[in-house]
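>>> I'd like to go over a predicted model; first the sequence, then the structure.
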Amino acid sequence: MAHIQVPEGVPGIRSLVMFRPETGKHLYELAQVLLRGESPLSSAERELIATHVSTLNHCKFCASSHAAAARELYQEKKDIVDCVINDVHTAPISKKMQALLQIAAHVQQNGKSVTEADVAEARKNGATDRDIHDTVLIAATFSMFNRYVDGLASFTPDDPKAYEEMGKRMSTIGYVPPQP
């Protein structure tokens with residue numbers, strides 16, 4: 001049960017946005033820009049970063065929902081998502097993504113944990129300044145989202161099917177509700 005009075009049965013951040021739509025609107029817009037806006041990183045890669053950070057933060061709702069979206073976006077390569085969740089170091093991803101996920105993991109711990117060596121490794125493997133920037137911003141934002149969802153104990157479904165539906169919706173329409 002959530003720590004505050006939110007609509008019952010509405011999962012995760014959605015219930016919190018319904019509680020405070022004037023702030024939720026901006027959070028959704030930020031997620032839309034970060035995960036679906038223009039970027040040299042694919043939407044699947046950006047969802048994978050969000051999943052990785054949420055997994056490290058033990059935020060079941062965000063890790064499960066963004067993993068589902070990443071699986072949808074990776075399509076036939078969807079197993080990559082579970083490989084990263086289980087062991088990022090042996091996952092079948094590029095050296096560039098390995099380096100970016102390492103940066104994301106450092107941001108998740110403490111932004112000052114990102115070192116020049118981390119950035120140099122990412123650049124050595126083809127990451128641009130924009131790749132690095134977007135990775136850090138996604139990692140920082142999802143650390144906040146994770147703390148928001150878990151700090152208010154929002155409803156977290158146990159049924160994996162619920163996340164599959166969320167993943168389909170998030171991978172197609174994104175994060176900003178359609179305008180009437």
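Received it, and whenever you're ready, just let me know what you need.
>>> What are the buried residues along stretch 84-102?
Along stretch 84-102, the positions that meet the burial threshold by neighbour count (16 or more other CB atoms under 10 Å) are 84-85, 88, 91, 93, 96-102. In this view, the C-beta of every residue, glycine as well, is placed from N, C-alpha and C.
>>> Average pLDDT for that stretch, rounded please.
On average, the pLDDT along stretch 84-102 is 97.
>>> Now do the buried residues in stretch 64-80.
Within stretch 64-80, the residues that qualify as buried are 64-74, 78, 80, counting by 16+ other CB under 10 Å.
>>> which element is the residue sitting nearest the centre point of the chain on?
In the chain, the centroid-proximal residue (CA atoms, centre = their mean) is A50; its distance is 2.0 Å. Using DSSP states H and E, the element containing A50 is helix 43-56.
>>> Not counting that helix itself, show me its contacts.
When contacts are defined by CB atoms under 8 Å, 6 or more residues apart in numbering, helix 43-56 is touched by residues 34-36, 39, 41, 62-63, 66-67, 69-70, 73-74, 80-81, 84-85, 88, 93, 97, 100-101, 104-105, 107-108, 134-135, 138-139, 142-143, 145-146, 170-171.
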